[in-house]
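In: kindly generate the corresponding structure for this input.
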Amino acid sequence: MDLTEAMEFAEANSRGVLTTLKRDGRPQLSNIFYVPDGGRTPVVRISVTDSRAKVANLRRDPRASLHVTRDDFFAWVVLDGTVELSDVAAGPDDAVVDKLVAMYRTGVGEHPDWDEFRAAMVFEGRLVATFTAASAYGMLPS
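Out: Have a look, this model is predicted:
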């Protein structure tokens, strides 16, 4: 499957299942929302919490897969790639929180209280996981 075609499908969605590798090599799956990077790059960004298993797994091994399906479940892609983790949000006005604000705006729109949002990102220990796809497979309609 062509990576460009797979990314176009992924960009038309915002939900998927991120697969990372546990210490014992078995997969660990997480339902996630993601925001495509845009600009015809094979990149999506995911807001994650520092305390979650997927973050520990990605710090140990950055390889991951992202499974995206259409609502009817009959069209799907799996993107294989690697993830780069940002620093953890340390203050409401730091660069990580600015990225999280930009992601929220792209994925959802305007937040009713940006100060509250920024404080929550720090309190929750949020960071940005940048997933870059290197290959893809799946089943898309012809």
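
In: ok now do the residue positioned nearest the centre of the chain, which residues does it touch?
Out: Closest residue to the average C-alpha location of the chain: Ile46 at 2.8 Å, with Cα atoms, centre = their mean. Counting by Cβ atoms under 8 Å, 6 or more residues apart in numbering, Ile46 makes contact with 18, 32-35, 128-131. In this view, the C-beta of every residue, glycine as well, is placed from N, C-alpha and C.

In: could you identify the most distant pair in those residues?
Out: Spatially, the most separated pair among the contacts of Ile46 is Phe33 and Thr130, at 14.6 Å (Cβ to Cβ).

In: and for Asn31, the neighbour number?
Out: The local packing of Asn31 (other Cβ atoms under 10 Å) involves 9 other residues.

In: quick check on it: phi, psi?
Out: Phi and psi for Asn31, reported as degrees, to the nearest 10, are phi -70, psi 130.

In: what bridges to it?
Out: Val17 (DSSP bridges).

In: measure it to Ala95 for me?
Out: 27 Å (Cβ to Cβ, to the nearest Å).

In: re earlier: let me know the closest of the contacts of Ile46 to Gly107.
Out: Nearest to Gly107 among these, with distances taken as Cβ to Cβ, is Val35, at 4.4 Å.

In: look up how far Arg105 lies from that closest one.
Out: Distance check for Val35 against Arg105: by Cβ to Cβ, it reads 9 Å.

In: those two: who's more crowded?
Out: Ranked by neighbour count (other Cβ under 10 Å), Val35 and Arg105 place Val35 first, with 20 against 13.

In: got phi/psi on the more buried one?
Out: Dihedral angles (degrees, to the nearest 10) for Val35: phi -120, psi 120.

In: great, nothing more from me.
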